[in-house]
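Trainee: turn this into a structure:
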Amino acid sequence: PQLTEQKFYCTLEELFRGCQKKFKIGPKVVAVDVKPGWKEGTKVTFDQDGVRLVLAQRKHAWFTREGDDLHWECSLTRQQAARGVALTVPMLDGTSVKLSTKGEKVYHGGCMAVAQHGMPIKGGPERGNLVIEFRITD
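Mentor: Okay, here's the model as predicted:
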């Protein structure tokens, strides 16, 4: 039998924490338990109903996801880059990561990584990185 593919959408927050999504397939309602760390393109198949659900990730206001890493673009002026600044990055779980660029070489296109502050890695306690990408403006 031919499977019908249907997209379903999750926010980065839902993919970070995990969630349950319910769908009406014909006369019945099915539930999908989205596990923390699932990625876009993850497929859930309901063979007897002839439906395959495909996960699509909604765009986030300040993060982009690359694999298990979260990327955040930070715009600084040349003066801020030269003297260093304190940064507070609001995270998907409601906490914040605080760090400083003081004493760091900050340049346009440069990156700073914070280990274990990205997306959960499926099946374990490990997490990807938070990657801060610098954009220097005048």
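
Trainee: show me the helices in this structure, by range?
Mentor: 12-17, 78-83 (DSSP state H).

Trainee: single out the most deeply packed of those helices.
Mentor: helix 12-17 (a mean of 19; mean count of other CB atoms under 10 Å). The C-beta positions use only the backbone N, C-alpha and C, and glycine is treated the same way.

Trainee: does anything pack onto it? Which helices or strands?
Mentor: Judged by 3 or more CB pairs under 8 Å, 6 or more residues apart in numbering; DSSP states H and E, the packing partners of helix 12-17 are strand 63-66.

Trainee: coming back round to it: now distance to Lys102 and mean pLDDT too, for the helices of the chain, in JSON lines please.
Mentor: Shown next, in JSON lines, are the helices of the chain (distance: least, CB to CB, whole Å; pLDDT from 0 to 100):
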{"stretch": "helix 12-17", "distance to Lys102": "29", "mean pLDDT": "96"}
{"stretch": "helix 78-83", "distance to Lys102": "8", "mean pLDDT": "95"}
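
Trainee: closest to Lys35 out of those helices?
Mentor: Nearest to Lys35 among the helices of the chain is helix 12-17; the distance by CB to CB comes to 9.0 Å.

Trainee: of all the helices of the chain, which one is nearest Leu55?
Mentor: Closest to Leu55 of the helices of the chain is helix 12-17 (CB to CB; 8.2 Å).

Trainee: chain center to the closest one: distance?
Mentor: What separates the centre of helix 12-17 from the centre of its chain is 7 Å, taken as CA atoms, centre = their mean, to the nearest Å.
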